[in-house]
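**Student:** Quick one: sequence and predicted model below, then my questions.
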Amino acid sequence: MNTVLTGSIATDHLMTFPGRFRDSLLEGSLEKVSLSFLVDELVVRRGGTAANIAFGMGSLGCRPVLVGAVGEDFADYRSWLERHGVDTASVLVSETAHTARFLCTTDTDLNQIASFYPGAMSEARDIELAPVARRLGSIDLVVVSPNDPEAMLRHTDECRQRGYPFMADPSQQLALMDGPDLRRLVDGARYLVTNEYERDLLASKTGWTEKELLTRVGIRLTTIGAEGVEIQQADAETYRVAVVPETAKVDPTGVGDAFRAGLLAGLGRGLDLTACAQLGNLLAVHVLETQGPQEFTVDRADALRRLADAYGPEAAARIAPVLP
């Protein structure tokens, strides 16, 4: 299955604050915030939504196709992704801008304050998907994840025009995009993936009720933190898939990307939707237990044990053929 992942490719600068942000936020004074947090750790990791998903899929033996825009400083990162099974031949290299940067501080409650410098990502709006399809021979699914907003809209429009099935994953860009653009981004998606907060924000900005939205997308998946993921379809019963229990909570950065990677790997290997969500939850907990979204490894025996403990031996047996 040719899965094309469009979205951000970035370097993550991850910091930890040994306190709680909320202790420094004064009620009634939030309109004038000027704060500085003394962090006690800084690590630089590879990141970006599309690249994180690609790495996760590669860790499960898939060969995802990464599509995005980077700077000339991408050479080492490209080698890393290629070594982990990612096709980077369709990545656009900017002649003037650096690869995007994500700067994020996490407190002891795992709350995060982040900034994102797009850099070369702004040139992703120049990327056409048709040449990617010609190179591959076909496209089975396009993932439209957070990216330059114009690029996201261009990719979605092209998917509808050329008949490429697509997954809408607006995520962090929901805050920037207005209602008409979000309706344009989501309408006709085979899959729509958001977290719980993003679900409510999407409803507020589009003006669509839950019922209206479900008539416009095939399957809606909503990640709900420690409660797992909720799966909805029009004219079908809503249900939830519980998480795989964690052994530690180290860093939540990239957990949602890992869920998507497992979900997509399962879809590409023909698993049913519940098993796909279970595999997504397994990959998500690997990232939660690791600092950095691309620093984990999947051990087959350990993965099967954790799947069996969380979902039962039959579920683990269904997913086993997908694990490397």
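**Tutor:** Done, it's in. Numbering: from 1, shown residues only.

**Student:** Could you point out the longest helix of this structure?
**Tutor:** helix 273-288 (DSSP state H).

**Student:** what mean pLDDT does that one have?
**Tutor:** Averaged across helix 273-288, pLDDT comes to 97.

**Student:** Past that helix, which element shows up next along the chain?
**Tutor:** helix 300-311 (DSSP states H and E).

**Student:** What's the mean pLDDT across that following helix?
**Tutor:** Taken as a whole, helix 300-311 has a mean pLDDT of 98.

**Student:** what's it in contact with?
**Tutor:** 242-245, 278, 281-282, 285, 315-316, 319-320, 323-324 (CB atoms under 8 Å, 6 or more residues apart in numbering). In short, each C-beta sits where N, CA and C put it, glycine included.

**Student:** Of these, which is the nearest to residue 19?
**Tutor:** Distance to residue 19 across the contacts of helix 300-311 (CB to CB) is lowest for residue 285, with 25.7 Å.

**Student:** The residue nearest to that closest one when sequence neighbours are not counted: what's it in contact with?
**Tutor:** The shortest distance from residue 285 to any non-neighbouring residue, by CB to CB, 6 or more residues apart in numbering, is to residue 244 (4.6 Å). Contact partners of residue 244, counting by CB under 8 Å, 6+ apart, are 278, 281-282, 284-285, 306-307, 310.

**Student:** biggest separation within those residues, which pair?
**Tutor:** Spatial extent of these (CB to CB) is set by the pair 284 and 307 at 12.8 Å.

**Student:** Give me the more crowded residue out of those two.
**Tutor:** Comparing residue 284 with residue 307 by other CB atoms under 10 Å, the one with more neighbours is residue 284, at 28 against 24.

**Student:** Test my guess that that one contacts residue 253.
**Tutor:** No - Residue 284 is beyond contact range of residue 253, at 11.7 Å (criterion: CB atoms under 8 Å).

**Student:** what helices or strands is the helix or strand hosting residue 81 leaning on?
**Tutor:** For residue 81, the element it lies in under DSSP H and E is helix 75-83. Here helix 75-83 touches helix 49-59, going by 3 or more CB pairs under 8 Å, 6 or more residues apart in numbering; DSSP states H and E.
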